[in-house]
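K.L.:
sequence and predicted model, in that order:
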Amino acid sequence: MKIFVVSGLEPVFYREIELIGKLFFEEVRVVGGKQEQNGDFHLHFAVQGTGPVFANLTLKDILRDQTVKTAHRREVEAGLNEKEIRKQVKQAISYVLLQALQKATGVEQPWGILTGVRPVKLFHSFLLKGFSASETVQRLQKDYLLHPAKTDILTEIVERQKEVLPDLYTLDQEVSLYIGIPFCPTKCAYCTFPAYAIRGRNGLVESFLAGLHEEIEAVGKWLRENKVPVTNIYFGGGTPTSVSMEQLDGIFQVLKKHIPDYEMIRELTVEAGRPDTLNEEKLELLKAWAVDRISINPQSFQEETLKVIGRHHSVKETLDKFRLARKMGLDNINMDLIIGLPNEDATIFAKTLDTMRELKPDSLTVHTLSFKSGSVMTQNRDRYRVAGRDEVREMVKMARDWAKELGYRPYYLYRQKNILGNQENVGYAFPGKESLYNILIMEEKQTIIGLGCGAVSKMVSPHTGRIFRFPNPKEPKVYNETLRHHIEEKIRRLNEVYQCGNRSAY
Ligand code: SF4
């Protein structure tokens, strides 16, 4: 725990101190100078927030007995409102603190002061305001302190997204559907998704599915009445292929019956992440329902690692199921890898990439491990050896070079809290094999209606661009008990966001 003792700043800005501090240290506490004199860093700010914004910082590093001074001035565009000016002040505070901590610790932060999940969305927002791509890069480097390696990948991704979805900026007239199936064969140690071990719970599965069918029917009716087309459908969870063939078939039947113009949907994805949920019959069913894209996720090709993270399937099983799916003609298969899994280093990761080279999936999402609060892995963190910042950075670069060499192109990127080495997750695909849904969910350019357990509806107003979230219950039992309520509430909110029935609250 590092204690930052702050003076010269209103407490309302302490959140910025904490966010930047956490890029350097696992735990950070921010206190006002009057409350506590002891601490690891003493920060004295002088900030002026009218006209151009000025921020000056003197940082005393008690342990290393050194003082670092940083200063920043940023111009404020004419016509900004109070809230937007305050945002500039926050950024200026983050800026001087990041520079001071980089100098004090010698640790560089490639993402600069960006601590949010969606840097690509920020890039798009500059383009939508009329900035060119090169002007956007300049601003990200100058105002947000991004390193050129990060602005390079953002530029490449934005270009790719605009090629893949030329209508990305106008897709707010349509919606996509996310279907959450909250069951898996076993629970992985790093998992915080709604995922319940399925064995022995068929009764629970059946009643959940009955509720899901009802929810699909109600949303289908709303889509039809309001003439809102569906762009994509994405099955996630959990592992949707954990349920039986008949149960999976039942969901497709209901979708076909109730979702308007079902045949016109651009992309249908089913996550089949756990290879232990797949067999020939289920793959045949996915093909029969014209599923465009599936995921089979190894995470690692190390037997030992799979045991530690609780996957309960073997490396051979992943390889066999991938080859089976290929043999059966599934021609868009995604695989996920995770960098920084327990006891894995760059040598082990290189072996995983070698195996991946033999398979050549159509797309590959390379995650960097994040220690999410609530996961078993986070609770037992002390028991694992986890790669350090430099090694994680090396593995991220290995993945990028490997993907480039094989002809994959990055097409979406997001970051998470507590991600190892302050890195990112990147989706790579061979041209033409990108997931449209992944782009849409990350860039938040259209409404995603969540159906099923733990599914979060993210409603993007086509009138104002504002975003409203509505989560479904995570637990199957609660989902069923509150089914009527959350269906009605979702429809009510959709009506408001889409101004149906002349409502105009949003
Ligand atoms: S397969 Fe995915 S959803 Fe299921 S427990 Fe593992 S990480 Fe969670």
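P.N.:
Happy to help now that I have it.
K.L.:
please count neighbours and contacts with C-alpha atoms only from this point.
P.N.:
Fine.
K.L.:
tally up the residues packed near whatever residue of the stretch 201-350 of the chain ends up closest to the ligand, please.
P.N.:
Residue nearest to the ligand within the stretch 201-350 of the chain (C-alpha to the nearest ligand atom): residue 238, separated by 3.7 Å. By the criterion of other C-alpha atoms under 10 Å, residue 238 has 29 neighbours.
K.L.:
before we move on, what about the one 10 residues further on?
P.N.:
Neighbour count for residue 248, taken as other C-alpha under 10 Å: 17.
K.L.:
next one: residue 43 from the ligand, what distance?
P.N.:
Using C-alpha to the nearest ligand atom, to the nearest Å, residue 43 is found at 40 Å from the ligand.
K.L.:
quick one: that residue is in a strand?
P.N.:
Yes: counting by DSSP: H, G, I helix; E, B strand; the rest coil, residue 43 falls inside a strand.
K.L.:
and the average pLDDT for stretch 491-505 is what?
P.N.:
Here stretch 491-505 scores 76 as its mean pLDDT.
K.L.:
low-confidence regions, the stretch 1-150 of the chain specifically.
P.N.:
For the stretch 1-150 of the chain, applying pLDDT under 70 flags the ranges 35-37.
K.L.:
so how far is residue 212 from residue 472?
P.N.:
11 Å (C-alpha to C-alpha, to the nearest Å).
K.L.:
my bad, residue 278
P.N.:
22 Å.
K.L.:
likewise for residue 332?
P.N.:
In terms of C-alpha to C-alpha, residue 332 sits 27 Å off from residue 212.
K.L.:
which residues does residue 157 contact?
P.N.:
Shown in contact with residue 157 (C-alpha atoms under 8 Å, 6 or more residues apart in numbering): 120, 410-413.
K.L.:
show me where the stretch 151-300 of the chain has helices.
P.N.:
Under the criterion DSSP state H, counting those that start in this stretch, helices of the stretch 151-300 of the chain are mapped to 202-225, 245-258, 280-288.
K.L.:
what's the closest of those to residue 477?
P.N.:
For residue 477, the closest of the helices of the stretch 151-300 of the chain is helix 202-225, at 7.5 Å, according to C-alpha to C-alpha.
K.L.:
just grab the bridge partners of the spatially most central residue of the chain for me.
P.N.:
Central residue of the chain (C-alpha atoms, centre = their mean): residue 414, 5.1 Å from the mean position. For residue 414, the beta-bridge partners under DSSP bridges are residue 425.
K.L.:
now for residue 292, how many residues are close by?
P.N.:
By other C-alpha under 10 Å, neighbour count at residue 292 equals 18.
K.L.:
tell me which helix or strand comes right after whichever strand or helix holds residue 67.
P.N.:
For residue 67, the host element (DSSP states H and E) is strand 66-74. Note on strand 66-74: by DSSP H and E, the next helix or strand toward the C-terminus is helix 82-105.
K.L.:
buried stuff in that next one?
P.N.:
For helix 82-105, the neighbour count (16 or more other C-alpha atoms under 10 Å) marks 85-86, 88-102, 104 as buried.
K.L.:
same check on stretch 164-174?
P.N.:
Buried residues in stretch 164-174, counted by 16+ other C-alpha under 10 Å: 164, 168, 171-174.
K.L.:
what of stretch 247-257?
P.N.:
For stretch 247-257, the neighbour count (16+ other C-alpha under 10 Å) marks 248-249, 251, 254-255 as buried.
K.L.:
same check, this time on stretch 137-156
P.N.:
By neighbour count with 16+ other C-alpha under 10 Å, stretch 137-156 contains the buried residues 137-141, 143-147, 150-151, 153-155.
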